[in-house]
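Trainee: Okay, structure incoming, though there's no sequence with it:
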């Protein structure tokens, strides 16, 4: 306690301290009964140490800073005192006041809510250190120093060199003048249109990413040349002409014949050959197959000995003499001369075959043009055919045709044929808009359990 009182007396004796509280406790300064406590631990020190006088001193200093902007002992007299000259004269006050127009107005005062929200502390706000910090300041300073060194040596940086070498923008074109809204001859512009009106600089639009990417021409092409709705042949009418109906029946018949041929081909490929069927004779032949090879092996044994002798009798080739080598070189030179003379004679003979060569070249060009025409025709025909977009192949829809005895005499007796939904689905597949697909098969995960109810058991 003695230390606390000593600290309080020291704080009160400071030259910058001026206590504003009139109700100060002087009894604390007086001596009290000394209480001996052990303060060798932090917990005991915090418990038995009295720091209220220090907190009061600091709170008083903060109060002075908020109200007056600093300690009163450090303030000059002009800021603390003023000279009272009495009330001003009414005449002079009236001249200074503004003339009133109409009714007498009250003096405008700020609202209470505005007064509450005003900043009443004279302590300046703390300095924001983070506001003065610059990210990567050390790195930027090092880059600036390096740039200064390069500039002193006369070296131009790469980015500045690119800017200098950049092609200048043409400034000769005049900027578009905004036309008046009431001009009847102005260009019509739809603000809800798909395309935007780019009037800015192309370089600016490209650098800012506002310039639209050019749409590839491939995206403008339709995936198929087939119409969305295909009209059926005249024979598909409810009251068709006889020949038109027969032509449609013939087309449907050809489709069924092709299907039948494909099925027969698969059956022939999967059919079992009778010769491949296992019989008792083939089984016996397989069982006795390895028993007759002994005699043939004995007969072949002497021949193997002769082969060994022949193999062992191979001798090494002797070394060629100088005379033989000269002779071979002379033969080689003669052969080369003969080939050169033959090539020369062939080229001379071609001079007399110019007419036939021209004819062959012309035929080859005709064949090339015919192949190109055929290839283009195949490509055009391929556009009307469905492509392979998935793992399944497109299966054309069956022709909706009625037989001769099924034709109705009126629309009331006509029976509907096919499905509109299925027809649209097949049309999307045929025009390569969606891939051919099959309906997902439902597979039961768990087995169905049957349980006999008690009520049913009572009945039976």
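Mentor: That came through fine. Bear in mind that the values here come from a model prediction, so they are computed numbers and not experimental data.

Trainee: Give the next helix or strand downstream of the helix or strand containing residue 336.
Mentor: Following DSSP states H and E, one finds residue 336 within helix 322-351. Under the assignment DSSP H and E, the closest C-terminal helix or strand after helix 322-351 is helix 354-383.

Trainee: which stretches of the stretch 301-450 of the chain aren't confidently modelled?
Mentor: Along the stretch 301-450 of the chain, the model assigns pLDDT under 70 to residues 301-316.

Trainee: go again using 80 as the cut-off
Mentor: In the predicted model of the stretch 301-450 of the chain, residues 301-317 satisfy pLDDT under 80.

Trainee: Likewise for the stretch 101-250 of the chain?
Mentor: 101-107, 167-213.

Trainee: switch the cut-off to 90
Mentor: In the predicted model of the stretch 101-250 of the chain, residues 101-135, 154-225, 231-232, 235-239 satisfy pLDDT under 90.

Trainee: ok, which stretches of it are helices?
Mentor: Assigned by DSSP state H, counting those that start in this stretch, the stretch 101-250 of the chain shows helices spanning 112-117, 137-153, 158-165, 202-208, 242-270.

Trainee: Between these, which one is closest to residue 225.
Mentor: helix 242-270 (21.2 Å; Cβ to Cβ). All C-beta atoms are positioned from the backbone trio N, CA, C, and that covers glycine.

Trainee: what helices or strands is the closest one leaning on?
Mentor: The helices and strands touching helix 242-270, judged by 3 or more Cβ pairs under 8 Å, 6 or more residues apart in numbering; DSSP states H and E, number zero.

Trainee: so can I have CSV of the helices of the stretch 101-250 of the chain showing mean neighbour count and distance to residue 45?
Mentor: Formatted as CSV, the helices of the stretch 101-250 of the chain follow (neighbours: other Cβ atoms under 10 Å; distance: least, Cβ to Cβ, whole Å):
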stretch, mean neighbour count, distance to residue 45
helix 112-117, 9, 42
helix 137-153, 10, 44
helix 158-165, 9, 64
helix 202-208, 11, 66
helix 242-270, 12, 102
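
Trainee: Now those helices in JSON lines, please, with extra columns for distance to residue 319.
Mentor: Formatted as JSON lines, these follow (distance: least, Cβ to Cβ, whole Å):
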{"stretch": "helix 112-117", "distance to residue 319": "119"}
{"stretch": "helix 137-153", "distance to residue 319": "74"}
{"stretch": "helix 158-165", "distance to residue 319": "71"}
{"stretch": "helix 202-208", "distance to residue 319": "80"}
{"stretch": "helix 242-270", "distance to residue 319": "65"}
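
Trainee: and of those, who's closest to residue 342?
Mentor: Across these, closest to residue 342 is helix 242-270 (Cβ to Cβ), at 54.5 Å.

Trainee: what about that closest one, distance to the chain center?
Mentor: With Cα atoms, centre = their mean, to the nearest Å as the basis, helix 242-270 stands 49 Å off its chain's centre.

Trainee: just stretch 334-350 next, same as before
Mentor: Here the centre of stretch 334-350 is set off from its chain's centre by 66 Å, with Cα atoms, centre = their mean.

Trainee: And for stretch 422-430?
Mentor: 31 Å.

Trainee: what comes up buried for that stretch?
Mentor: Buried residues in stretch 422-430, counted by 16 or more other Cβ atoms under 10 Å: 426, 427, 429, 430.

Trainee: contacting residues for the first one?
Mentor: It refers to residue 426. Neighbour list for residue 426: 396, 397 [criterion: Cβ atoms under 8 Å, 6 or more residues apart in numbering].

Trainee: which SSE is it in?
Mentor: Assigned by DSSP H and E, residue 426 belongs to helix 420-430.

Trainee: Okay, the residue positioned nearest the centre of the chain and residue 219: tell me how far apart.
Mentor: Nearest to the geometric centre of the chain sits residue 213, at 15.8 Å (Cα atoms, centre = their mean). To residue 219, residue 213 is 11 Å away according to Cβ to Cβ, to the nearest Å.

Trainee: Equivalent analysis for residue 428, please.
Mentor: Distance of residue 428 to residue 219, given as Cβ to Cβ: 19 Å.

Trainee: picking that back up, out of the buried residues of stretch 422-430, which comes closest to residue 149?
Mentor: Using Cβ to Cβ, the shortest approach to residue 149 within the buried residues of stretch 422-430 belongs to residue 429, at 70.1 Å.

Trainee: Look up how far residue 443 lies from the nearest residue to the closest one once chain neighbours are set aside.
Mentor: Spatial nearest neighbour of residue 429, chain neighbours left out: residue 436 (5.1 Å); criterion: Cβ to Cβ, 6 or more residues apart in numbering. Going from residue 436 to residue 443 by Cβ to Cβ gives 21 Å.

Trainee: The strand or helix carrying residue 43: what's the following helix or strand?
Mentor: Assessed by DSSP H and E, residue 43 sits inside helix 42-48. Proceeding N to C from helix 42-48, the next assigned helix or strand is helix 52-68, under DSSP H and E.

Trainee: sorry, back to before: can you pull the contacts of the residue nearest to residue 429?
Mentor: Going by Cβ under 8 Å, 6+ apart, residue 436 touches 386, 389, 390, 392, 393, 394, 395, 429.

Trainee: Distance of the third one relative to residue 438?
Mentor: Remark: distance between residue 390 and residue 438 (Cβ to Cβ) = 10 Å.

Trainee: Look at the two and report which has more neighbours.
Mentor: Just comparing residue 390 and residue 438: by other Cβ atoms under 10 Å the higher neighbour count belongs to residue 390, 11 against 7.

Trainee: Number of residues surrounding the closest residue to that one other than its chain neighbours?
Mentor: Residue nearest to residue 390 in three dimensions, not counting chain neighbours: residue 435, with 3.6 Å by Cβ to Cβ, 6+ apart. For residue 435, the neighbour count with other Cβ under 10 Å is 15.

Trainee: What of residue 53?
Mentor: Using other Cβ under 10 Å, residue 53 has 19 neighbouring residues.

Trainee: Same check on residue 65?
Mentor: There are 15 residues near residue 65, going by other Cβ under 10 Å.
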